[in-house]
Structure formats: structure tokens, C-alpha cells
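# Got a predicted structure plus its sequence, pasted below:
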Amino acid sequence: MPEASEEAAARLSAGLGLHPLAARVLAGRGLSTAEAASEFLKGSLADLPDPFTMKGMAKAVERVCRAIGSGEKLTLYGDYDVDGVCSTSLLRLFLEGQGAKVATYIPHRIEEGYGLNLQAIERIAADGTRLLVTLDCGIASAAEIARANALGLEVVVADHHTVPEALPPALVVLNPHQPGCGYPTKHLCAAGVAFNLCMGLRRRLREQGAFSQRPEPNLRELLDLVALATVADVVPLTGANRIFVRHGLAEISRARRPGIRALKEVAGLGGEEPVTAGDLGYKLGPRINAAGRLADAAEGLRLLCAPNLDEARALARELDSANRERQLIEQQILAGAVEQAQARPQARGLVLHSETWHPGVIGIVASRIVERFHRPTVMVAVKDGMGRGSARSIEAFHLYDALAACSEHLARYGGHKHAAGLSVEASRLGAFIEAFERIARERLTDGDLVPRLRLDALVRPEELDERGAEAVAALGPFGAGNPNPVFAARAASVQPRILPSKRDGEKGHLKLKLDAAPKLDAIGFSMADRAALAEGPVDLAFQLGIDEWNGRRRVQLKLKDLRAAK
């Protein structure tokens, strides 16, 4: 439970005209002053920070403008995940709209691996490029950028991953994490960095009179790609990110971009219903990612840049097929990973490995293992003497720092607190496992390994009306860093009912009717096996929503957990 006082929430409610439930959520999350709450609630595009507060922006804008004006060829080198594909797509679309000569390069996950590689640099230089812009990679590629410089390339790094002690020898680095950067939202994804570059370029081009001969670009139209990347990359939905996603969701709901419209159709989001951040994370993002996981991530780039709906639909069908294949492979890998994890119940950190695993899918499975066992997890796919790994963590364990402490055993590594990637020679895998698990033992307590449900406020059922639900929804979009609020009610009297699942093999659902005024229903998906707990008074943890059916609107609670009342 948060430690916020009722007095602070009351002041927010009175001072800002907020519904008491919304005020209690904000106060409980540390936004207990009118200034802090107002800053969080900012939602206009005019509230976005000045892009030139980002260290290196002026120099990056000057160099890219020079390339646009001279017709110089530039290449965008993006990562193969959703963030890399979206940031490459949006910068390509912007630059092509300004008449720039643009090429793109997305490395093959299996054949080339993450980040810059020397062979690609050689090919890009040989093709006549003189300016290379890296997107969602490059911050840890000192040797590759040094080689690019030797070949006559100037490099602009646009990245958001953890900054090493020594920056790469690029012409300029755009990364909010680097020392001396004044950009206020530190945890941008790469598409957020790229969008800021577009903002800076548009301003400078306007000053140069470039739009006297052609229309000025409407950057709002690129926010669909920024929102998709921001949610898929699980960066905090606060500050600039909250504004990006709020307006980007509106763009995705309109689906003016052929690739986005086609992607929504194959994901079953073809209607007029507003798209949510959850739709981006669980329906659209995985389909973009599927190409990079199993085949060529450039398929996603072609989809997002498709000029017409016919071409986009053909590409979207291919991505949808790849996503179904990915799901089957994921289930097979998950079964083996669970078996390995169950065999090591004492380990506080898990390093799981196999020579049969597909390296493109292990990151997803690592997340599943973390959800199930609540341990930092590294999944390693071994082939031809080299292991390629993806890692995911829990709140109490800084993954990048842990890998840095094990770096003597690793060929490469990179990432941030919650997610990372690595390469390890098979002969060093045993030593790495021993080192990682030792660090986990040293840095994690038994309490850190117990999953917890964070509650925003204790409420009475009679407080849960439609106006309150709408006020809470206005605090969104919800996701990492701004989770959907969870409320609790104690000693509630309920009438339980079991609803069968429509999916074979899935648990039924638990529906509770609360004896309260007004009457409220709560639904616990796949919780039918917990119905016995509701035979007496129960403590409930739930999210607040509005159910619309047959033209009627009513408040509905989505159960997160329940227990017999103490």
C-alpha cells in the first residue's frame, strides 16, 4: 500500500478539480503536490520538451540537414526489434519527404546478431554512404564505429541503451542517458530519440526556408510509430513518453498509414474501437517482432513504409503467419526452460541453456520464466560453439550491472536494468552461470524473490461509480512506469458464479456479484479454481473499468487477486 496521506489526496482533488479516486492514485504514486500532478497530467503536443535540450541535437541536425541539402547518400542502420524497425521507418519517411537520398539497413538477427557489425559497415561504405545514422544500437559499438570512421563514414548514434564509460568515436551521440544531457525524459525508446531528431530537423529546415517550395511535414502523423515502439520496448509511460503514446494511439485508431491499417486487420483490430496500449504490446508489436525473430526484420520495415493498402496487406499476412509460427516455437522452448528452472529451486538467478532453442524467441520465453519463478533469467541458445542470450529481470535486480560484473566471461553484452542481450562462448558458459548465480545470491534477498501486488488505494464499493472509472482512465495510457491502478476492498460480501471458458483447456472464469450499492460485478479471468475463497467475506484487489453492452454502460471490476477476509 502507498504511504500517501488522505489530506494530500484531498488537496489535489480540491486544487485541480480531480475526482477523489484519481487524486488518491496520484498522491499514492508520489505526485502529491499540485505542481507534480499537473506536470504528470500534461497531455498536449505543445508540452513536449524542446528537442534541442538533448545533448548533441544541434550538431546532429546540422549534419543531417547538410546531407539533405547536398543530396548526399545517408544510411539508417536500425535494430531488428519493434523499436529499431519503427525508429528506422519514421526517420526514413521523414527524410524521404524532404528529398533526402536514404538507404536503410536492418541486420539479420540469426546471421548477424545485434548491433553494428564490421561486414555491414564495409558494405555500406562501399555503396557510397558518407553519413550513417544508427537507431536503437551503436552506443556500445566503439570498434565498429572506429572502422566506419576509417572508411570515411561520419556516424550519428541515436540510441537509448545504457551508456558505457567511454562513448563510441561517433560524430555525435543522441542518448538521454549520456552525462550532461538536459532532456528531461531520460527513458525514451529509440523511436522517441528519432522523433526528437525529426522535430529538430523540421525546425531548422523551416528556418532555412525549405518549406517555401514543399509542404511542411505534420509530425503528428509519425506518432503511430513512436507509440508502437514506446509500448513494445516497455519504457515508462511518463513525461514525453506519455504524450507520445496518448497521441500515437489516436493515430493508430485512425489508421491512416497503410501498414498500420493492415496490421490492425490481421490482429483483429479492424473496427472503429479505440486502440489501447495493451493492443500495441500484445497484438501489434509481436507481429512486427515476429519477422525479426524468425526471418528478416526488414519485412516489418517494408510494411510500415508500404505506399498502398494492397502491398501492406500482403506483408501483414506474412507477419501474421510468422507470429503464429513463433507462438508454436515459444511453447516448445518454454516447456524445456520450465523443466530446467524447476530443477534449480535454490537459485536466485537462472541461466538456462540449450542447443535446440531458437535464438529469436528466447527473449519472450525469458519473460515468461520471470513471471512464473520471479527470478532474473538468462536464456542462452547455443550453436556452433557460441551462445546467444536474452535476459529479463525483476525490479530488485539491475541486469546490466550484473552482466558488467560477469563481463570477463562474455564475448558481448548490452541492455539496461530490466532487459539485456549477450554472447558467450560455449566453453565459457559454465563459468558465466557460476558468476551470474553468485551475483544474484549476493544482491537479492529472500524478500526480493516474493512477487508483490502494488495497491493504489483502499476503497469502499460505494465509491466506485462511472465518473470515478472515467477519471481513473484519464490517468492513462497505462503500461510500464504508469500501471493501470489497482484498488482494494476489504471484507466484501459476494455471490460467486463460475463461467466456462470458450477456449479448450483454459480454466473457467470467476464472476462475483458484490452486495453493495450500487450493484457491482467483478470478473476474474481464469480464476474459477478460487471460487471456494468467496464462500465468505473476501478481500479483493481489482482494476476499475466500464463494461459496455447493448448500449448500456456500467462499472465492472477486473479481479487481480482475492483472499478470504482476515
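Yep, it's here. All values derive from a computational prediction rather than experimental measurement.
# What's the first helix or strand after the lowest-mean-pLDDT helix or strand in the chain?
None of the helices or strands of the chain scores lower by mean pLDDT, DSSP states H and E than helix 285-294, at a mean of 84. As assigned by DSSP states H and E, the chain's next helix or strand after helix 285-294 is helix 298-304.
# Need the residues that contact that next one.
For helix 298-304, contacts defined as CB atoms under 8 Å, 6 or more residues apart in numbering pick out 78, 82, 85-86, 88-89, 92, 104, 106, 225, 257, 259-260, 262-263, 288-289, 291-292, 312, 315-316, 318-319, 322. Using the backbone N, CA and C atoms, a C-beta is placed for each residue, glycine as well.
# Please write out the alpha-carbon positions of it in PDB.
What follows is helix 298-304 as a C-alpha-only set of coordinates in PDB (Å, rounded to 0.1, in the frame of the first residue of the first chain):
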ATOM      1  CA  ALA A 298      13.200  -5.800 -43.000                       C
ATOM      2  CA  GLU A 299       9.700  -7.200 -43.600                       C
ATOM      3  CA  GLY A 300       8.400  -5.100 -40.800                       C
ATOM      4  CA  LEU A 301      10.200  -2.000 -42.200                       C
ATOM      5  CA  ARG A 302       8.600  -2.700 -45.600                       C
ATOM      6  CA  LEU A 303       5.200  -3.000 -44.000                       C
ATOM      7  CA  LEU A 304       5.400   0.300 -42.100                       C
END
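# start at 27 instead
With 27 as the first residue, the last one maps to helix 324-330.
# what's the distance between that helix and the middle of its chain?
On the basis of CA atoms, centre = their mean, to the nearest Å, helix 324-330 sits 19 Å off its chain's mean C-alpha point.
# repeat for stretch 76-89
Counting by CA atoms, centre = their mean, stretch 76-89 comes out at 25 Å from the chain centroid.
# just stretch 242-251 next, same as before
Using CA atoms, centre = their mean, the offset of stretch 242-251 from its chain centre is 20 Å.
# buried stuff in that stretch?
Neighbour-count burial for stretch 242-251 flags 243, 245, 248-251 (criterion: 16 or more other CB atoms under 10 Å).
# average pLDDT for that stretch?
When pLDDT is averaged along stretch 242-251, the result is 97.
# if we can go back for a sec, which two of the buried residues of stretch 242-251 have the greatest separation?
Pro243 and Asp250 (14.4 Å; CB to CB).
# Assign a three-state SS to the closest residue in space to Ala166 that isn't next to it in sequence, would you?
Spatial nearest neighbour of Ala166, chain neighbours left out: Gly440 (4.6 Å); criterion: CB to CB, 6 or more residues apart in numbering. Using DSSP: H, G, I helix; E, B strand; the rest coil, the secondary structure recorded for Gly440 is strand.
# show me the contacts for Gly440.
Gly440 is in contact with 140-141, 165-166, 187-188, 426, 446-448, counting by CB under 8 Å, 6+ apart.
# What are the buried residues along stretch 48-56?
Across stretch 48-56, burial judged by 16+ other CB under 10 Å covers 48-55.
# Among the contacts of helix 324-330, which are located in helices?
In this view, those that belong to helices under DSSP state H are 108, 111-112, 114-115, 118, 251, 285-286, 288-289, 314-315, 317-318, 338, 341-342, 344-345, 348.
# Where does pLDDT dip in the protein?
30, 298, 321, 530-531, 543-544 (pLDDT under 70).
# how does it divide into domains?
What automatic domain parsing lists as the domains of the chain is 27-67, 77-343, 370-475, 479-590.
# Could you report the neighbour count for the nearest residue to Asp153 once chain neighbours are set aside?
Nearest residue to Asp153 in three dimensions, chain neighbours excluded: Ala129, at 7.0 Å (CB to CB, 6+ apart). As a burial measure, Ala129 scores 15 neighbours (other CB atoms under 10 Å).
# So Ala129 versus Thr101, what's the distance?
5 Å (CB to CB, to the nearest Å).
# Overlap in contacts, the two.
Common neighbours of Ala129 and Thr101, using CB under 8 Å, 6+ apart, are 150, 153, 155.
# Tell me the buried residues in stretch 204-214?
Across stretch 204-214, burial judged by 16+ other CB under 10 Å covers 204, 207, 209, 211, 213-214.
# ok now it, how far from the chain's centre?
The answer for stretch 204-214 is 18 Å, by CA atoms, centre = their mean.
# so how far does that stretch reach from one end to the other?
With CA to CA, to the nearest Å applied, stretch 204-214 spans 12 Å between its terminal residues.
# Let me see the ranges of the strands in the stretch 127-276 of the chain.
127-131, 157-161, 180-184, 198-200 (DSSP state E, counting those that start in this stretch).
# related to what we said a few turns ago, quick check: bridge partners of the residue nearest to Ala166?
Gly447 (DSSP bridges).
# Could you tell me which of the buried residues of stretch 48-56 belong to helices?
48-54.
# looking at this, Gly125 is in a strand?
No - Gly125: not assigned to a strand; according to three-state DSSP it is coil.
# would you turn the ones in helices among the buried residues of stretch 48-56 into JSON lines with distance to Arg579?
Conversion of these to JSON lines gives the following (distance: CB to CB, whole Å):
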{"residue": "Ala48", "distance to Arg579": "18"}
{"residue": "Ala49", "distance to Arg579": "23"}
{"residue": "Arg50", "distance to Arg579": "23"}
{"residue": "Val51", "distance to Arg579": "21"}
{"residue": "Leu52", "distance to Arg579": "25"}
{"residue": "Ala53", "distance to Arg579": "28"}
{"residue": "Gly54", "distance to Arg579": "27"}
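# Surely Pro195 touches Ala169?
No - with contact defined as CB atoms under 8 Å, Pro195 does not reach Ala169; the gap is 9.5 Å.
# just to revisit the earlier point, which of the shared contacts of Ala129 and Thr101 lies at the shortest distance from Lys533?
Ile150 (51.8 Å).
# can you tell me which residues contact the closest one?
By CB under 8 Å, 6+ apart, the contact set of Ile150 is 101, 103, 129, 131, 158, 174, 179.
# Tell me the backbone dihedrals of Arg535, please.
Rather than Arg, residue 535 is His. phi -110, psi 150 (degrees, to the nearest 10).
# As a check, name the ranges of all strands in the stretch 477-592 of the chain.
So, for the stretch 477-592 of the chain - with DSSP E, counting those that start in this stretch - the strands run 483-484, 513-518, 520-525, 535-540, 546-550, 564-575, 578-590.
# Would you convert the ones you listed into a markdown table that also reports distance to Ile395 and mean neighbour count?
What follows is those, written out as a markdown table (distance: least, CB to CB, whole Å; neighbours: other CB atoms under 10 Å):
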| stretch | distance to Ile395 | mean neighbour count |
| --- | --- | --- |
| strand 483-484 | 32 | 17 |
| strand 513-518 | 28 | 19 |
| strand 520-525 | 30 | 16 |
| strand 535-540 | 26 | 20 |
| strand 546-550 | 24 | 21 |
| strand 564-575 | 24 | 18 |
| strand 578-590 | 21 | 17 |
